[in-house]
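S.K.: fold the following.
(one chain, ligands or ions: 1)
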Amino acid sequence: MDTHLDRGGPAQPLLTLEGLQKHFPIKGGLLGRTVATVRAVDGVTFTVEKGETLGIVGESGCGKSTTARLLMRLMPPDTGSMIFDGEAVGEGNAGGIALRDYRRQVQMVFQDSYASLNPRLPIEDSIAFAPKVHGVSDTEARTRARDLLAAVGLAPQSFARRYPHELSGGQRQRVNIARALALRPRLVILDEPVSALDKSVEAQVLNLLVELKEQFGLTYVFISHDLNVVQFISDRVLVMYLGEVAEIGPVDAIYEKPAHPYTRALLASRPSMDPAMRRTSPPLTGDPPNPVNPPSGCRFRTRCPLAEDICASSKPIMADLGGGHLAACHIANPASGHSKAGATA
Ligand SMILES: Nc1ncnc2c1ncn2[C@@H]1O[C@H](COP(=O)(O)OP(=O)(O)OP(=O)(O)O)[C@@H](O)[C@H]1O
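M.R.: Below you'll find the predicted structure:
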């Protein structure tokens, strides 16, 4: 029971991440010493609210998948804290939630529909596997697997005993979604779940995800480089650039009134972009800088058409633009004294 809601106060986020950092050492030389460090995720703070879909977008290499792996605790962060429903993650004996319990409540669906399925097992057995490991009886796990196959639109009587190679990519991804739901999670991390699918199948799987979220009371973190897909499925959107959060806010604010020049440039790079916005904001050019040695101050400044001196000398803080919309940009921050009308139009 949610006591915050009972008291009529603001709902507690399902997940709160504060100052999350993950750097990867690059080893070199005969002695295998660390010669450089990839700053894949570099001080990321955000919440995931109960029942929402939070989309995460950004160019390749900006740290989306590393963030997903941290959220799943497939690896520990170097620093930073994770609070799940009010409990510190990974601190079971210290009054928090143990990793085993956390990993049951948070599940993941990957882009590669083959990767999470054992090619030698009928799909029913793959779905039933995790519940059995968690102490569910064989009969109950099998019943659960068949119910989930039906829920994802694959009639159990004709699909349960099939092997992964006997399915299409879309059907396999439906099985992966069923597998992710088998432990009755509260949060599902979807990392590019439809990127490998044809457009028509993509729409079917997205609609299925929307239905399942409602049916099972789920919360989603949906990672994608496809801005149209993220716009369709998300309640809020987080924009990442070079390991940091550039902007976060309700989906309509991000798509209709993007404040960060990076978000504006990303949106302007879409083929379907509104020509009015393309006039005020040029599309992205070039590649992001190397995350081993990111630019000082604002990391986007080397590609930003609005950059000023302050952008090199000082890191922008997250400015609150109202209505849950925040952006880390000196130019977009009305309180900075550098705000330009064009930056928030
Ligand atoms: N295990 C690792 N060792 C070293 N560097 C890594 C490792 N994993 C990721 N990186 C680097 O960290 C940065 C962020 O990678 P990440 O995969 O999180 O980005 P991404 O936004 O998900 O990109 P993509 O969309 O291409 O998957 C990249 O520069 C990547 O090369």
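S.K.: so where's the longest helix in the chain?
M.R.: The helix spanning the most residues in the chain, taking DSSP state H as the definition, is helix 199-216.
S.K.: what's R179 in contact with, if anything?
M.R.: The contact partners of R179, by Cβ atoms under 8 Å, 6 or more residues apart in numbering, come to S116, L117, S126, I127, A130, L148. In this view, the C-beta of every residue, glycine as well, is placed from N, C-alpha and C.
S.K.: run the chain-centre distance for stretch 67-74.
M.R.: If you compare the mean C-alpha spot of stretch 67-74 with that of the full chain, they lie 9 Å apart, counting by Cα atoms, centre = their mean, to the nearest Å.
S.K.: for the longest helix of the chain, enumerate the helices and strands it packs against.
M.R.: When contacts are defined as 3 or more Cβ pairs under 8 Å, 6 or more residues apart in numbering; DSSP states H and E, helix 199-216 packs onto helix 169-181, strand 219-223, helix 227-233.
S.K.: just put those in a markdown table and tack on mean pLDDT and distance to A253.
M.R.: Written out in a markdown table, the entries for the helices and strands packed on helix 199-216 read as follows (pLDDT from 0 to 100; distance: least, Cβ to Cβ, whole Å):
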| stretch | mean pLDDT | distance to A253 |
| --- | --- | --- |
| helix 169-181 | 96 | 29 |
| strand 219-223 | 98 | 17 |
| helix 227-233 | 96 | 12 |
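S.K.: buried sites along the longest helix of the chain?
M.R.: Along helix 199-216, the positions that meet the burial threshold by neighbour count (16 or more other Cβ atoms under 10 Å) are V201, E202, Q204, V205, L206, L208, L209, L212, K213.
S.K.: out of those, who's nearest the ligand?
M.R.: The shortest distance between the ligand and any of the buried residues of helix 199-216, using Cβ to the nearest ligand atom, involves E202 and amounts to 16.9 Å.
S.K.: tell me the angle the helix or strand A130 falls within makes with helix 169-181.
M.R.: Take DSSP states H and E as the rule and A130 turns out to sit in helix 123-133. Between helix 123-133 and helix 169-181, the angle comes out at 20 degrees (axes from the mean of the first three to the mean of the last three Cα atoms, to 10 degrees).
S.K.: so which elements touch helix 123-133?
M.R.: Where contact means 3+ Cβ pairs under 8 Å, 6+ apart, helix 123-133 is packed against helix 138-151, helix 169-181.
S.K.: distance to G51 for these - can I get that in CSV?
M.R.: Shown next, in CSV, are the helices and strands packed on helix 123-133 (distance: least, Cβ to Cβ, whole Å):
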stretch, distance to G51
helix 138-151, 18
helix 169-181, 16
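S.K.: just those: most buried one?
M.R.: The highest mean neighbour count among the helices and strands packed on helix 123-133, using mean count of other Cβ atoms under 10 Å, belongs to helix 169-181: a mean of 23.
S.K.: chain center to that one: distance?
M.R.: The gap between the average C-alpha position of helix 169-181 and the chain average comes to 18 Å, counting by Cα atoms, centre = their mean.
S.K.: avg pLDDT for stretch 320-334?
M.R.: Regarding stretch 320-334, the rounded mean pLDDT is 92.
S.K.: can you give me the buried ones in that stretch?
M.R.: The neighbour-count criterion (16+ other Cβ under 10 Å) identifies L321, H325, L326, A327, A328, C329, H330, I331, A332, N333 as the buried residues of stretch 320-334.
S.K.: if I look at P25, how far off is S234?
M.R.: Look at P25 and S234: by Cβ to Cβ, to the nearest Å, they are 34 Å apart.
S.K.: and those two? Which one has more around it.
M.R.: S234 (23 against 12; other Cβ atoms under 10 Å).
S.K.: was I right to think the more buried one contacts E49?
M.R.: No - at 11.9 Å, S234 and E49 do not qualify as touching, with contact defined as Cβ atoms under 8 Å.
S.K.: contact residues of the stretch 51-200 of the chain facing the ligand?
M.R.: Taking Cβ under 6 Å from any ligand atom as the contact definition, the stretch 51-200 of the chain meets the ligand at G58, S60, G61, C62, G63, K64, S65, T66.
S.K.: just the element for N118, please.
M.R.: Using DSSP H and E, no helix or strand contains N118.
S.K.: quick check: closest non-adjacent residue to it.
M.R.: If you skip the residues right next to it in sequence, N118 has S126 as its closest partner in space, 5.5 Å away by Cβ to Cβ, 6 or more residues apart in numbering.
S.K.: which ones are touching that neighbour?
M.R.: The neighbourhood of S126, defined by Cβ under 8 Å, 6+ apart, consists of L117, N118, P164, V175, R179.
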